[in-house]
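K.L.:
no sequence on this one, just coordinates:
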């Protein structure tokens, strides 16, 4: 016993040393009154201005006038841009050069499922290749056909492969290999489906194990981190093997994590998606990647679409309360929000920011 200290005091001090440190205090939680927000500047990264039918990239303006169907996504790539389109039946990908020339790159693109933060394609680190899942659209939901890798800007098919039961989740594409989660059907009783995560090298068509019986929710190859859902264990953010850090659990199983910040120090996502009003969430969330500290909550009717504009600001799609009108907003980590562009009756909006690469 320490001289002059009561036994209870010593016991309490010892207990405090043994207990883990308390989590960092939560950041701001804001509920923007969207119609009352001030109007901010247009995105500070490439975007589609759907009303003006053009791609805006800094001082460059590229017309997409006359382009049929609805543009739902934008990726900047080598030699130009990839536009994801929603057709009367199905989806496709259109390549638009920096001079405005257009051509369909993939006629049967399997798009992201509503309510998920997956962009449904992976652009390589240097922008010279794109990996996509293809599908047929004869039924109520797309049916996976195969996974393709195409060279950009030429569009030349470099590799195609059928990964079996369902489309793999395209987690990231680095220099020569991609990180995929593949669904495996187990035939031995009791029948089940397992998620395995693999590296795929399209140049050699070699598939190598990364983690068995564990699926990736999302990943960032620059940060070398992923959000992992193991069959046995805890949903968490971890370093990609062989790295062992960070390693922190998500506080709710239904949280969906999406893009990492440009500097790799934060990751954004949303809480549980419900079927009310077409698969919406009620919170956008930001976490610090080193330890899982909760940095920001943006509360509202969130149709999950998140783009990091910078390390201090995000572009978020939200539905105005009591309406079928959607608005893109910009929120800083301090919780200050503003409107970006006009409202839209389409959930894809009038301003469609480019998706950042996660490699």
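P.N.:
In hand now; what should we look at? What you see is a predicted model; the values in this text were computed from it and never measured. Residues are numbered from 1 along each chain as shown.
K.L.:
Which of the three states applies to residue 182?
P.N.:
Using DSSP: H, G, I helix; E, B strand; the rest coil, the structure places residue 182 in strand.
K.L.:
likewise residue 117?
P.N.:
What three-state DSSP gives for residue 117 is coil.
K.L.:
Quick check: bridge partners of residue 316?
P.N.:
Note on residue 316: beta-bridge partners by DSSP bridges are residue 306, residue 329.
K.L.:
Can you get me a residue count around it?
P.N.:
Using other CB atoms under 10 Å, residue 316 has 24 neighbouring residues. C-beta: built from backbone N, CA, C; applies to glycine.
K.L.:
Tell me how far it lies from residue 213.
P.N.:
From residue 316 across to residue 213, the span is 33 Å (CB to CB, to the nearest Å).
K.L.:
same deal with residue 140?
P.N.:
According to CB to CB, residue 140 and residue 213 sit 30 Å apart.
K.L.:
Would you state the strands of the stretch 151-300 of the chain in chain order?
P.N.:
157-161, 169-173, 178-186, 192-201, 206-211, 214-220, 225-230, 236-239, 247-249, 256-260, 266-270, 281-288, 294-310 (DSSP state E, counting those that start in this stretch).
K.L.:
Just give the strands next to the shortest one in its sheet, each with its orientation.
P.N.:
To tie it back to what came earlier, the one meant is strand 247-249. According to DSSP bridges, strand 247-249 forms sheet pairs with strand 236-239 (antiparallel).
K.L.:
Just the pLDDT at residue 190, thanks.
P.N.:
Model confidence at residue 190, given as pLDDT, is 63.
K.L.:
er, residue 274 actually
P.N.:
You'll see residue 274 listed with a pLDDT of 89.
K.L.:
quick one, helices of the stretch 1-150 of the chain?
P.N.:
When secondary structure is read from DSSP state H, counting those that start in this stretch, the stretch 1-150 of the chain shows helices at 7-18.
K.L.:
and of the strands of the stretch 151-300 of the chain, who's closest to residue 87?
P.N.:
Proximity to residue 87 (CB to CB) singles out strand 294-310 among the strands of the stretch 151-300 of the chain, at 19.7 Å.
K.L.:
hmm, back to that, for the strands of the stretch 151-300 of the chain, give me a markdown table that also has mean neighbour count.
P.N.:
Below are these laid out as a markdown table (neighbours: other CB atoms under 10 Å):
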| stretch | mean neighbour count |
| --- | --- |
| strand 157-161 | 14 |
| strand 169-173 | 25 |
| strand 178-186 | 19 |
| strand 192-201 | 17 |
| strand 206-211 | 14 |
| strand 214-220 | 23 |
| strand 225-230 | 23 |
| strand 236-239 | 20 |
| strand 247-249 | 15 |
| strand 256-260 | 23 |
| strand 266-270 | 24 |
| strand 281-288 | 22 |
| strand 294-310 | 21 |
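K.L.:
ok, residue 205 touching residue 159?
P.N.:
Yes. The pair residue 205 and residue 159 passes the contact test of CB atoms under 8 Å, sitting 6.3 Å apart.
K.L.:
what do these two both touch?
P.N.:
Common contacts of residue 205 and residue 159 (CB atoms under 8 Å, 6 or more residues apart in numbering): none found.
K.L.:
before we move on, the earlier item: how about CSV for the strands of the stretch 151-300 of the chain, with distance to residue 34 added?
P.N.:
Converted to CSV, the strands of the stretch 151-300 of the chain look like this (distance: least, CB to CB, whole Å):
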stretch, distance to residue 34
strand 157-161, 43
strand 169-173, 32
strand 178-186, 35
strand 192-201, 37
strand 206-211, 40
strand 214-220, 26
strand 225-230, 28
strand 236-239, 30
strand 247-249, 32
strand 256-260, 21
strand 266-270, 17
strand 281-288, 13
strand 294-310, 7
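K.L.:
Tell me which of residue 140 and residue 213 has more neighbours.
P.N.:
residue 213 (13 against 5).
K.L.:
correct me, but that one touches residue 193?
P.N.:
No. If you go by CB under 8 Å, residue 213 and residue 193 don't touch, sitting 10.8 Å apart.
K.L.:
Residue 177: neighbour count?
P.N.:
Neighbour tally, residue 177, other CB under 10 Å: 20.
K.L.:
how much space is there between the closest residue in space to residue 286 that isn't next to it in sequence and residue 263?
P.N.:
Of all residues not flanking residue 286 in the chain, residue 296 sits nearest, at 4.0 Å (CB to CB, 6 or more residues apart in numbering). Between residue 296 and residue 263 the distance is 16 Å, computed by CB to CB.
K.L.:
Can you list the low-confidence ranges for the stretch 1-150 of the chain?
P.N.:
1-25 (pLDDT under 70).
K.L.:
switch the cut-off to 90
P.N.:
Across the stretch 1-150 of the chain, residues meeting the criterion (pLDDT under 90) sit at 1-26, 68, 114, 138-141.
K.L.:
same check, this time on the stretch 151-300 of the chain
P.N.:
165, 184-194, 251-252, 274-279.
K.L.:
could you redo the last one with a cut-off of 70?
P.N.:
Ranges of the stretch 151-300 of the chain meeting pLDDT under 70: 187-191, 276-277.
K.L.:
Surely residue 241 touches residue 211?
P.N.:
Yes. At 6.7 Å, residue 241 counts as touching residue 211 under the criterion of CB under 8 Å.
K.L.:
which residues touch residue 332?
P.N.:
By CB under 8 Å, 6+ apart, the contact list for residue 332 reads 312-313.
K.L.:
For burial, what's the neighbour tally of residue 146?
P.N.:
Neighbours of residue 146 (other CB under 10 Å): 16.
K.L.:
Cheers, nothing more for now.
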